[in-house]
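> just need the structure, nothing else, for what follows:
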Amino acid sequence: MTRPRALFLDLDDTLIDGLGPEAVIRTCEEIAALHPELDGARLAAVNAAVWEAYWPSVEDRWTLGELSGAAVTLEAWRRTLRICGCADEAVARQAARIFRQQASASYRLFGDVRDLAASARQARIPLALITNGASDTQRDKLSALGIGQWFDAIVISGEVGLAKPDPRIFEVALEALGLGRDGVWHVGDSLAADVAGAKAAGVTAVWVNRSRLRRRDDDPEPDIEVPSLAELNPLLSAMRGCA
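Next up is the predicted model:
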């Protein structure tokens, strides 16, 4: 196996450990402290129910950039507060602002991410990010973590109007790096989005299977499967001198 000419990386659940409930809980606690007529535990429970009902109706529009992350977040908090008896728009905007601050503070990289980025730099392998999501949401994550400068190209579905598994979003990244498909690896956690999309685009599909899930017969088959990004480092390090 020759080393990759370039690495394309997914963001959520590949580089970033998923946003847990802490940001919502802390937001609800802060809102309840500012507005004693509201109960923090009830706010949290209602917010979870609101997201379950609301998210499926807006996910595609958020992914393709038709709705910003800020707009979706604000509407979710409006609905939460109304159910809890508060229709004050100022409080909804306050809750949305606090939530964005709490979310930004809670983002964490998986422990194997920085070593992979360092190995790629040492091997002079360009990196591109290909991520589904609204521009503001995904840019906020990169800013909060300080990793935007790692990438030679950043392709966000909400900015280009294309989303994985559409192979055209991979073509945007290839064009940005001035590369053909040969020797390009795309690394991601989703069989449906990352593996299927990479295969359709004609690049090597690397599945990061952190949970050691079993593929179903009808799932797309990755070219390479690894339980963590650390498994890729020896491939990059051992091949630094290879063409």
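
> quick check: the residue of the chain positioned farthest from its centre vs Val195, distance?
Each residue of the chain has a distance to the centre, and by CA atoms, centre = their mean the biggest one is for Glu37: 35.6 Å. Applying CB to CB, to the nearest Å, the value for Glu37 to Val195 is 49 Å. Where C-beta positions appear, they are placed from N, C-alpha and C, glycine not excepted.

> hang on, the residue farthest from the centre of the chain in a helix?
No. Counting by DSSP: H, G, I helix; E, B strand; the rest coil, Glu37 falls outside a helix, being coil.

> in stretch 17-27, which residues are buried?
If you call a residue buried by 16 or more other CB atoms under 10 Å, then stretch 17-27 has these buried ones: Asp17, Leu19, Ala23, Val24, Ile25, Arg26, Thr27.

> extract the CA atoms of stretch 178-191 and return them as PDB.
Output of stretch 178-191 as PDB, limited to C-alpha atoms (Å, rounded to 0.1, in the frame of the first residue of the first chain):
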ATOM      1  CA  GLY A 178      -5.400  20.600  -7.600                       C
ATOM      2  CA  LEU A 179      -5.400  16.800  -7.400                       C
ATOM      3  CA  GLY A 180      -6.900  13.900  -9.300                       C
ATOM      4  CA  ARG A 181      -8.600  11.000  -7.500                       C
ATOM      5  CA  ASP A 182      -5.700   8.600  -7.400                       C
ATOM      6  CA  GLY A 183      -4.100   8.300  -4.000                       C
ATOM      7  CA  VAL A 184      -6.600  10.400  -2.200                       C
ATOM      8  CA  TRP A 185      -8.100   9.000   1.000                       C
ATOM      9  CA  HIS A 186     -11.200  10.200   2.700                       C
ATOM     10  CA  VAL A 187     -11.500   9.400   6.400                       C
ATOM     11  CA  GLY A 188     -14.800   9.500   8.200                       C
ATOM     12  CA  ASP A 189     -17.100   7.700  10.700                       C
ATOM     13  CA  SER A 190     -20.300   7.400   8.600                       C
ATOM     14  CA  LEU A 191     -20.800   4.500   6.200                       C
END
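
> who's in contact with it?
Contacts to stretch 178-191, defined as CB atoms under 8 Å, 6 or more residues apart in numbering, come from residues 2-10, 13-14, 126, 130, 164, 170, 174, 194-195, 197-198, 201-210, 215, 219-220, 222, 224, 229, 232.

> ok, now stretch 110-117?
14-17, 127, 147, 150, 210, 228-230, 232-233, 236.

> what about the chain, any weak spots by pLDDT?
1, 237-243 (pLDDT under 70).

> mind naming the longest helix for it?
Secondary structure assigned by DSSP state H gives helix 40-63 as the longest helix of the chain.
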